[in-house]
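Student: Generate a structure from the sequence data that follows.
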Amino acid sequence: MSLFSAIAVSASGLDAQRTRAELITENLANADTTRTPDGGPYKRKDAVFATQTMSGSFASMLMNASGDPPSGVSVSEITIDDSEPERRYLPGHPDADPQGYVAFPHINPAEEMVDLMSASRGYQANVTAITSVKEMIARSIDLFK
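Tutor: Residues are numbered from 1 along each chain as shown. Sure, this is the predicted structure:
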């Protein structure tokens with residue numbers, strides 16, 4: 001794998017982790033949303049990652065030379081949690097049913113924060129990898145001076 005392919009792989013990781021972090025923050029922001037335009041409480045969303053084959057002229061040359069194309073990561077789909085909402089007894093709430101129960105999203109803020117920290121660390125790891133590759137390229141250029 002060339003240095004430029006390594007940058008492309010890390011860039012795909014940055015994009016995937018950014019999407020994951022956006023979904024997690026959306027989940028946290030809507031943790032108490034009981035009414036959506038679709039009806040019912042907000043439903044938790046999560047990103048599913050998949051291997052993405054890198055394309056381009058250099059990638060095709062590398063595949064011919066090594067047999068394996070360089071691969072990155074992409075968000076293959078965004079899943080929506082279809083589990084039953086959490087029901088809380090709040091008889092004075094405007095969205096309460098006749099028995100006084102309100103349907104809340106099935107979101108655990110502590111779990112979402114752990115996932116957000118994980119996405120942040122994944123993003124930071126990809127930034128570090130890109131920085132390291134940039135330093136290697138700069139040192140290579142300095143050797144040719």
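
Student: Where does the prediction get shaky in the chain?
Tutor: For the chain, residues meeting the criterion pLDDT under 70 lie at 1, 54-70.

Student: switch to 80 and redo it
Tutor: 1-4, 53-70, 145 (pLDDT under 80).

Student: what residues are up against the most centrally placed residue in it?
Tutor: The centre of the chain sits closest to R20, judged by C-alpha atoms, centre = their mean, with a distance of 1.9 Å. R20 makes contact with A47, F49, V75, D115, A119, G122, according to C-beta atoms under 8 Å, 6 or more residues apart in numbering. (Glycine included, C-beta is placed from N, CA and C.)

Student: List the buried residues in the longest helix anywhere in the chain.
Tutor: In the chain, assigned by DSSP state H, the helix with the most residues is helix 109-143. Buried residues in helix 109-143, counted by 16 or more other C-beta atoms under 10 Å: E112, D115, L116, A119, G122, Y123, N126, A129, I130, V133.

Student: and that helix, what does it pack onto?
Tutor: Packing partners of helix 109-143 (3 or more C-beta pairs under 8 Å, 6 or more residues apart in numbering; DSSP states H and E): helix 3-29.

Student: Test my guess that I24 contacts L116.
Tutor: Yes - contact criterion C-beta atoms under 8 Å: I24 and L116 qualify, at 4.6 Å.

Student: Determine the three-state secondary structure at V75.
Tutor: For V75, the assignment made with DSSP: H, G, I helix; E, B strand; the rest coil gives strand.

Student: I should have written S83 there, sorry.
Tutor: Classification of S83 using three-state DSSP returns coil.
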